[in-house]
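Novice: Test case, fold it:
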Amino acid sequence: MKRVVITGMGCVSPLGNSISTMWARLQKGENAIREIQTIPLDTIPVRLAAEVLDFNAEEQGLDKATVRHNDRYALFALAAARQAMNDSGLNVGVDVQPERLGTAIGSGIGGIHTFNAQHTELLKSGARRISPLFIPMMIANIASGNVAIAHNAQGPCLPVVTACATGTHSIGEAFRMIKEGRADAMITGGAEATICEIAIGGFANSKALSTSDDPNAASLPFDARRKGFVMGEGSGIMILEDYEIAKRRGAHIYAEVVGYGNTCDAHHYTAPRPDGKCAANAMKLALEEGGYDGSSLYINAHGTGTPLNDKSETAAIKIALGEAEARKTVISSTKSMMGHMLGATGAVELIISALTLHDGVVAPTINLREADPDCDLDYTPNTARRYQAEYAISNTFGFGGHNACVALKRM
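Specialist: So this is what the prediction gives:
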């Protein structure tokens, strides 16, 4: 079995379109949640989201043809993958052969902006006016496919679709590919762009979204006032690599990927299992595979700010670690600042987990003001702190009962 390390990272996020910008703003506790600017507010039932407002595809190195031929979510993935590959310094054809380089980039929903626009065209002008690019721009696998094309990655190509757990599952499956010797390096993560009328309307009408008009009282993980999540968007991409190859070429290593847990609640199509048992099993699997020895641990929580999730995740952490260990574990939810990026959220939060290990800083859970008796662990309220953890795990849970957890170890 191979050791697997992270050698490159890239992001497009509501807090900035580079790793350095996003990480600096997270440590300051900046809030990217604001009044929606890209949709007329009179068409939708909520007012707030965490939008990517300063994304310029051409400045990210994507040409005009690429922009025309890709949905917003895929453009985010292409930009973040380009950053990650540049960051890694991986030379395809020299350090790794094309057939040993793979992609595993998922999206929970895919090209819903394209779907929304082409459905409008259908109603306006009929089926003959639908774009011939509708299908290849809409499908949820196309980001992974187009990133593979952009970087000549001829190895495994595995787009994962597990709702909000997508990004974490993608990275977990990429980890397995390298660990088991099926690839030498993987471009992996998630991408999502769902801030449009049909997606906002659907999530809001299912009572999943916060209806607050106050950006500082909207995304409230683990707070007693929480009433729903805030929609975010973006992409997080990592380069995972065989440790021996990375060491041989002198690559910078952020952290080692050491474990992966994948379970299902088998309980309800949207609600989490209340006792947290199956989510706890995902954590246990990741930690056991990673050789966790009870030393210092950071958890980037799923922490959506929904009444059911935060309560059941707290219970799951206590089951996975034991009550005493759970109480001394440092936890935070960065969704308090960037909202919930659905299929991208797990990938972005694993990037944050790697940076936490690398830099010894924990980003806070902002606006955590009112304690909930059912959420009684250390969630790093309001202010970042210095803390050098040896291990980190990132939890993501999705509609359909999907539970994913990836464990990292400091190098």
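
Novice: Tally up the residues packed near the closest residue to Gln60 other than its chain neighbours, please.
Specialist: Leaving out its chain neighbours, the residue that sits closest to Gln60 by CB to CB, 6 or more residues apart in numbering is Ala79, at 3.8 Å. C-beta coordinates here come from the backbone N, C-alpha and C atoms, glycine included. Using other CB atoms under 10 Å, Ala79 has 27 other residues around it.

Novice: Please apply the same query to the one 10 residues further on.
Specialist: Neighbours of Gly89 under the rule other CB under 10 Å: 15.

Novice: That one touches Ala185, doesn't it?
Specialist: No - taking CB atoms under 8 Å as the definition, Gly89 is not a contact partner of Ala185, at 11.6 Å.

Novice: ok, back up a step: could you list every residue that touches the residue nearest to Gln60?
Specialist: 10, 12, 17, 55, 57, 60-62, 235 (CB atoms under 8 Å, 6 or more residues apart in numbering).

Novice: what do you get for Val161?
Specialist: So Val161 contacts 106-108, 110, 140, 343 (CB under 8 Å, 6+ apart).

Novice: Just the closest of these to Glu244, please.
Specialist: Here the nearest of the contacts of Val161 to Glu244, counting by CB to CB, is Gly106; it sits at 27.3 Å.

Novice: pLDDT score for the closest one?
Specialist: Gly106 is assigned 98 on the pLDDT scale.

Novice: mind listing what's buried in the strand or helix carrying Trp23?
Specialist: Applying DSSP states H and E as the criterion places Trp23 in helix 19-27. Neighbour-count burial for helix 19-27 flags 19, 22-23, 25-27 (criterion: 16 or more other CB atoms under 10 Å).

Novice: If any of the contacts of Ala79 are buried, put those into a ChimeraX selection.
Specialist: Burial among those is assessed by 16+ other CB under 10 Å; the matching ChimeraX selection reads:
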select :10,12,17,55,57,60,62,235
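
Novice: What about the contacts of Ala79, which are in helices?
Specialist: If you go by DSSP state H, the contacts of Ala79 have nothing in helices.

Novice: Relative to the whole chain's centre, how far out is the longest helix belonging to the chain?
Specialist: Determined from DSSP H, the single longest helix within the chain is helix 72-88. The chain centroid and the centroid of helix 72-88 are separated by 14 Å, computed with CA atoms, centre = their mean, to the nearest Å.

Novice: Could you chop this protein up by domain?
Specialist: 4-248, 258-409 (automatic domain parsing).

Novice: what's the first-to-last distance across the last one?
Specialist: Same thing as domain 258-409. Domain 258-409 has its terminal residues 7 Å apart, counting by CA to CA, to the nearest Å.

Novice: so for it, what's the average pLDDT?
Specialist: For domain 258-409, the mean pLDDT works out to 97.

Novice: How about the contacts made by Met137?
Specialist: Taking CB under 8 Å, 6+ apart as the test, what Met137 contacts is 69-71, 74, 111, 114, 131.

Novice: Please produce a ChimeraX select command covering the buried subset of these.
Specialist: Buried residues among the contacts of Met137 (16+ other CB under 10 Å), as a ChimeraX selection:
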select :70,71,74,111,114
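
Novice: Next one: Ile105 from Arg385, what distance?
Specialist: 32 Å (CB to CB, to the nearest Å).

Novice: So these two - more neighbours on which side?
Specialist: Higher neighbour count among Ile105 and Arg385: Ile105, with 39 against 14, using other CB under 10 Å.
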